[in-house]
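Asks: I need the structure of the sequence given here:
(one chain, ligands or ions: 2)
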Amino acid sequence: TSAALDASCIFCKIIRGEIPSFKIYETKYSYSFLDIEPTTKGHILIIPKYHGAKLHNVPDEYLSDILPVTKKLVRALGLEIDSPEGTGYNVLQNNGRIAHQYVDHVHFHLIPKPNVDEGLE
Ligand code: 5GP
Ligand code: ZN
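Replies: Ligands and ions are numbered 1, 2, ... in the order given. All right, here's what the predicted structure looks like:
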């Protein structure tokens, strides 16, 4: 058990394997897994292995890991292809209830935006 994690936080429990998740990728500093209520197919959450509620609470060594991992996952999902159909993706990170944050452990959403003809399923 890492001192950087919280005993009761749901995402800390996912990192520790106490709550099941569909793991996509993991580094020393971050854990990536599928969102349980995906906005689109392949919606991933990338979280630091450090319990901080908001972005400014997380040490730089953890945050520095997140964007390189995001790039890696973008390529793994084939989202780097700038297709004429308009494939793309959103990276979102909410802080505070008023900003639509509902889990108080920093998380980055990676949301694929496929061509609408491909559907969401
Ligand atoms: P927020 O609105 O806080 O930025 O996003 C929280 C996200 O966490 C939501 O998209 C929600 O579906 C996801 N989420 C909440 N609880 C769980 C869980 O137990 N497992 C997984 N995989 N995702 C969760
Ligand atoms: Zn946590």
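
Asks: just the helices in the chain please.
Replies: Assigned by DSSP state H, the helices in the chain fall at 10-16, 60-76.

Asks: flag every buried residue along the last one.
Replies: By neighbour count on 16 or more other Cβ atoms under 10 Å, the buried set for helix 60-76 is 62, 63, 65, 66, 69, 70, 73, 74. Placement of C-beta: from N, CA and C, glycine included.

Asks: which residues of this protein score low on pLDDT?
Replies: Counting by pLDDT under 70, the chain contains low-confidence ranges at 1, 83-86, 115-121.

Asks: interface residues of it facing ligand 1?
Replies: 10, 21, 33-37, 45, 94, 100-103 (Cβ under 6 Å from any ligand atom).

Asks: which ones among these lie within strands?
Replies: With strands identified by DSSP state E, the entries of the residues of the chain next to ligand 1 that belong to them are 33, 34, 45.

Asks: how about the residues you listed in JSON lines, adding neighbour count?
Replies: Below are these laid out as JSON lines (neighbours: other Cβ atoms under 10 Å):
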{"residue": "33", "neighbour count": "20"}
{"residue": "34", "neighbour count": "15"}
{"residue": "45", "neighbour count": "22"}
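
Asks: nearest to residue 81, of those?
Replies: For those, the closest approach to residue 81 (Cβ to Cβ) belongs to residue 34, at 21.2 Å.

Asks: what's near enough to touch residue 79?
Replies: By Cβ atoms under 8 Å, 6 or more residues apart in numbering, residue 79 lies in contact with 87, 88, 89, 112.

Asks: and the last one, how many neighbours does it have?
Replies: With neighbours defined by other Cβ atoms under 10 Å, the count for residue 112 comes to 22.

Asks: look up the closest residue to it, ignoring the ones flanking it.
Replies: Take residue 112 and drop its neighbours on the chain: the residue closest to it by Cβ to Cβ, 6 or more residues apart in numbering is residue 42, 4.5 Å away.

Asks: with the third one instead?
Replies: In this structure, residue 89 finds its nearest non-sequential neighbour in residue 79, 4.7 Å apart by Cβ to Cβ, 6+ apart.

Asks: next one: residue 29
Replies: Excluding the flanking residues, the one nearest residue 29 by Cβ to Cβ, 6+ apart is residue 65, at 3.8 Å.
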